[in-house]
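1. Pasting the sequence and the predicted model now:
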Amino acid sequence: MENDEECITGLSLGLGMGGHVPKKDKQKENKPVACLDLSFQLCPKEEAMNENHNIDSDNLNEKSTDSDNSNNNNNGCRKKLRLSKEQSAMLENSFKLHSTLNPVQKQALADQLNLKARQVEVWFQNRRARTKLKQTEVDREFLKKHCQNLSDENRRLKRELQELRALKVGPSQLCIQLSKTTTLTMCSSCQKLGKSNIELEGRN
DNA sequence: TAGGTCAACGAGCCGG
DNA sequence: CCGGCTCGTTGACCTA
């Protein structure tokens, strides 16, 4: 995988920007038809793209080299572009510096990489999505672990409480050391036991 | 061949 | 209104 870890600094449960509502059905209506062998039907946008892409249809299934694979669209519908190692590395470096680009930076990067500004834009969009996905996964793991710790702690405290009740603590015992981590103290006014959690707070 | 990856896209939201 | 963003999805390609 890519080294996304450096982008993940802490718990940030991203819930997205606005109240985004999925719209599956409408999306399918407008999807370009998968062409496969119908290679004479150009999708309008890709027709435009192909103007800048020299395609050798005989080589469509070959692994493209580092120098040519920015131009590997075919003569029909969407053909998957693979960015070269150099292009990916440069985009990655740029992303480390800033996860969003202004139009000037975008165009400059596109020129530098021999890509279209739109391609750079899409790459950054997808890259942010991947980062967010990874962060969500990290957050999920963190919360899972935290929840487990709390459950353990809860179980332990319940057990201690049971033990305490079994001991029938008298008012003369003002301070009882229950374990290494928990200290119970007697409230002078209400004569009830309370837990000192100073030591607990420091733990995780 | 099933499942994963990723470039690309459309829809909808938001701020200027 | 427009540009830029996120989200959800598609489809080509890769690989175990």
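-> Looks like it came in fine. Residues are numbered from 1 along each chain as shown, chains lettered A, B, ... in the order given.
2. pull the longest helix from chain A.
-> Longest helix in chain A by number of residues, with DSSP state H as the criterion: helix A:117-167.
3. does it come close to DNA strand C?
-> Yes. Helix A:117-167 is in contact with DNA strand C by C-beta under 7 Å from any atom of the strand, via A:121, A:124-125, A:128-129, A:132. In short, each C-beta sits where N, CA and C put it, glycine included.
4. which one of those residues sits closest to DNA strand B?
-> Taking C-beta to the nearest atom of the strand as the measure, DNA strand B lies nearest A:Gln125 of those, at 5.8 Å.
5. And the pLDDT at the closest one?
-> If you check A:Gln125, the pLDDT there is 90.
6. Span of stretch A:105-125 from start to end?
-> Using C-alpha to C-alpha, to the nearest Å, the end-to-end distance of stretch A:105-125 comes out at 15 Å.
7. residues making contact with that stretch?
-> Contacts with stretch A:105-125, where a contact means C-beta atoms under 8 Å, 6 or more residues apart in numbering, come from A:49, A:52, A:70, A:81, A:83, A:86-87, A:90-91, A:94-95, A:98-101, A:103.
8. where's A:Glu86 relative to DNA strand B, distance?
-> For A:Glu86, the distance to DNA strand B equals 13 Å [C-beta to the nearest atom of the strand, to the nearest Å].
9. typed the wrong thing, it's A:Lys85
-> According to C-beta to the nearest atom of the strand, A:Lys85 and DNA strand B sit 11 Å apart.
10. So for A:Asn114, what's the pLDDT?
-> Among the per-residue scores, A:Asn114 shows a pLDDT of 88.
11. neighbours of it, just the number please.
-> Using other C-beta atoms under 10 Å, the number of residues around A:Asn114 comes to 13.
12. Need the phi and psi values for A:Lys116.
-> phi -90, psi 150 (degrees, to the nearest 10).
13. and the residues of helix A:117-167 next to DNA strand C near DNA strand B, which?
-> Residues of these in contact with DNA strand B (C-beta under 7 Å from any atom of the strand): A:Gln125.
14. circling back: got a ChimeraX select line for the buried ones in the contacts of stretch A:105-125?
-> Of these, the buried ones can be selected in ChimeraX as follows, counting by 16 or more other C-beta atoms under 10 Å:
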select /A:49,70,81,83,87,90,91,94,95,101
